[in-house]
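> after the sequence you'll find the predicted model.
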Amino acid sequence: MTRRVLIAGNWKMNLLRAEGEALAAALAAKFTANGSADMLVCPPATLIAPVAAMLEGSMIAVGGQDCHMKESGAHTGDVAAAMIGDLGGSHVIVGHSERRADHGETDATVKAKAEAALAAGLIPIVCVGETEAERDAGKAEAVVETQIRGSLPEGATETGVVIAYEPVWAIGTGRTPTTDDIAAMHDHMRTVAASMLGGAGELRLLYGGSVKPGNAAEILGLADVDGALVGGASLKAEDFLAIAAAAG
Ligand code: PEP
């Protein structure tokens, strides 16, 4: 059993076309598969096509930050999973805490979106994570377990889905859980996922929340951490490349 590390960048609602192309070009120029890590960038929907064009022939994959649960139809402003695939995307983030908070997405919504992604041939990156109040109340593992049980798509396989543990209070704050807490959560997540998928030895579990070049090696060195979902630091080529390099 070998799980390749996945270093995924979530550009969120940042960058205009020229900036996104420049960032993609800088990554493509420097990232060479180091044998163990895969790299993925998830630009805003408007930049998937130009970024995919810049990354053609590189070792870097491109994905979306969200998709609609329906295949097509009257959903103004939304993007279908197949549209992301059509532009060259291979992955899509679903259930990011910013979408759960800003758009009222529930576990059921996230599950439906992840199922739409699978139907379109994309790999969904399903995000879960507790709030600070939930962690302080000693409920972090229970909250994350409920989210996984409610959000993992029907028909998921160990290699066809990725789960990202992103404590809400660690996103964009510069704070991270202790490595013991991350390790314990990832161990629990793998147990929960295994009970749903019939095994989870091949399933990739990412950690996200204030991953930087300075803490990446320590976090990525944990046994059940198979990569990182990176927000802020993915907007600087140098930092994102350093995080990938820390994967060994
Ligand atoms: C994220 O939003 O997925 C994230 C992990 O952000 P940051 O790295 O900036 O904390």
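Thanks, I have the structure now. It should be emphasised that the depicted structure is a prediction, and the values quoted were computed from it without experimental measurement.
> taking this structure, what residue is nearest to the ligand?
Across the chain, the shortest distance to the ligand (C-beta to the nearest ligand atom) belongs to G231, at 2.2 Å. Quick note: C-beta positions are derived from backbone N, CA and C, even for glycine.
> near that residue, how many other residues are there?
Using other C-beta atoms under 10 Å, G231 has 20 other residues around it.
> so what's it closest to, chain neighbours aside?
Ranked by C-beta to C-beta, 6 or more residues apart in numbering and with sequence neighbours excluded, the top spatial neighbour of G231 is N10, at 5.0 Å.
> ditto for P177
Excluding its sequence neighbours, the residue lying closest to P177 (C-beta to C-beta, 6+ apart) is P167, at 5.9 Å.
> so where do the helices sit in the protein?
Secondary structure of the chain by DSSP state H: the helices cover 17-30, 48-55, 81-86, 97-102, 107-119, 132-136, 140-151, 179-197, 213-220, 237-246.
> can you put those in CSV and add mean pLDDT, distance to the ligand and mean neighbour count?
Shown next, in CSV, are these (pLDDT from 0 to 100; distance: least, C-beta to the nearest ligand atom, whole Å; neighbours: other C-beta atoms under 10 Å):
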stretch, mean pLDDT, distance to the ligand, mean neighbour count
helix 17-30, 97, 15, 17
helix 48-55, 98, 17, 21
helix 81-86, 98, 17, 20
helix 97-102, 97, 7, 16
helix 107-119, 98, 14, 21
helix 132-136, 98, 14, 15
helix 140-151, 98, 15, 19
helix 179-197, 98, 13, 17
helix 213-220, 98, 11, 18
helix 237-246, 96, 10, 21
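> circling back to that earlier point, distance of the residue nearest to P177 relative to D38?
23 Å (C-beta to C-beta, to the nearest Å).
> of those two, who's got more company?
Between P167 and D38, counted using other C-beta under 10 Å, the more crowded position is P167 (28 against 19).
> returning to what we had before: among the helices of the chain, which is nearest G63?
Shortest distance between G63 and those, using C-beta to C-beta, is found for helix 81-86: 7.0 Å.
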